[in-house]
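A.B. asks: Sequence first, predicted coordinates after that:
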Amino acid sequence: MPGSAHEALEAFLGRWAGTTEWAASPWGPARTAAVEVTFSRAAAGLAVTHGYRHIDADGTLSEGHGVFTVDPDRPDILWYHVNSMGLPPERPARASWQGGTLTLERRSDHGTARHTFRVDDGVLTHSAGLRLGKASEFKPFMTTVCRRV
C-alpha cells in the first residue's frame, strides 16, 4: 500500500467532466445530470480532496466535497464527505483497494451506500449502490462516468 493518500489516489488527480445517472429512489425520480469532478493534493500529499458539482437539465445544482486520507494505524483509506443534501457530516467511511477499484461503504440510520471509484483507460467511474433498511442486497443507485479535462 502506498505511503500517502496522494500516492494511493494518483490516478484520480485532476479535473474530470461527464454525466451522472441516478436510479429512482426514495429521494427522487431517475434522472441524468452533467457533472464536474476534481481530485487535488492537500496537506503536503497526506490527503486528497474530492469535489463534485451536478447540474440537472432544469439547472438544479447539487455538490459535495470530501477528503481522502490514510489511516495511520491501518492500511485503510478514510473518506470524509459532506454534500448539499443538508445532512451533517458523517463519520469517515473506510475504503480499501480491490483489483484497482477503491471500494467504501457509508452507513447511516437509513441504510448503507457502497461506493466504488475506478480509473480505466482515461475514464473515471464512480458508482454507488444502496441497501436500505433491512434489505440484504445493494440496489444500483448512481453511476458517474467522466473523462479528464
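C.D. replies: That came in fine, so what should we check first? Since the model is a prediction, treat every value here as computed from it, not as a measurement.
A.B. asks: Please make it C-alpha for all contacts and neighbour counts, starting now.
C.D. replies: OK.
A.B. asks: Give the bridge partners for the nearest residue to A57 once chain neighbours are set aside, please.
C.D. replies: Leaving aside its sequence neighbours, A57 sits nearest to A33 (CA to CA, 6 or more residues apart in numbering; 6.4 Å). Under DSSP bridges, the beta-bridge partners of A33 are T20, D56.
A.B. asks: who touches A33 in this structure?
C.D. replies: Counting by CA atoms under 8 Å, 6 or more residues apart in numbering, A33 makes contact with T19, T20, E21, H54, I55, D56, A57.
A.B. asks: List the contacts of the fourth one.
C.D. replies: What that stands for is H54. Taking CA under 8 Å, 6+ apart as the test, what H54 contacts is T20, A33, A34, V35, E36, T60, L61, S62, E63.
A.B. asks: now the strands for the chain?
C.D. replies: Along the chain, counting by DSSP state E, strands occupy 14-22, 31-42, 47-56, 61-70, 77-83, 93-98, 101-107, 111-120, 123-132, 139-148.
A.B. asks: now W16, which residues is it bridged with?
C.D. replies: According to DSSP bridges, beta-bridge pairing links W16 with V37, R148.
A.B. asks: Which pLDDT value goes with it?
C.D. replies: At W16, the predicted lDDT confidence score is 98.
A.B. asks: Any regions of the chain where pLDDT drops low?
C.D. replies: 1-6, 86-89 (pLDDT under 70).
A.B. asks: Next, format the strands of the chain as JSON lines and append distance to A8.
C.D. replies: As requested, these are arranged in JSON lines below (distance: least, CA to CA, whole Å):
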{"stretch": "strand 14-22", "distance to A8": "14"}
{"stretch": "strand 31-42", "distance to A8": "11"}
{"stretch": "strand 47-56", "distance to A8": "10"}
{"stretch": "strand 61-70", "distance to A8": "9"}
{"stretch": "strand 77-83", "distance to A8": "9"}
{"stretch": "strand 93-98", "distance to A8": "9"}
{"stretch": "strand 101-107", "distance to A8": "10"}
{"stretch": "strand 111-120", "distance to A8": "12"}
{"stretch": "strand 123-132", "distance to A8": "15"}
{"stretch": "strand 139-148", "distance to A8": "18"}
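A.B. asks: can I get the CA coordinates of stretch 39-53 in CSV?
C.D. replies: Coordinates of each C-alpha in stretch 39-53 appear next as CSV, following Å, rounded to 0.1, in the frame of the first residue of the first chain:
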residue,chain,number,x,y,z
PHE,A,39,-9.4,15.5,-7.1
SER,A,40,-6.5,17.6,-5.7
ARG,A,41,-3.5,17.0,-3.4
ALA,A,42,-3.8,18.6,0.1
ALA,A,43,-1.9,18.7,3.4
ALA,A,44,1.5,18.1,1.8
GLY,A,45,0.3,15.0,0.0
LEU,A,46,-1.2,13.3,3.1
ALA,A,47,-4.7,13.9,1.8
VAL,A,48,-6.6,14.2,-1.5
THR,A,49,-9.7,16.5,-1.7
HIS,A,50,-12.6,15.4,-3.8
GLY,A,51,-15.2,17.9,-5.1
TYR,A,52,-18.1,17.5,-7.5
ARG,A,53,-21.0,19.6,-9.0
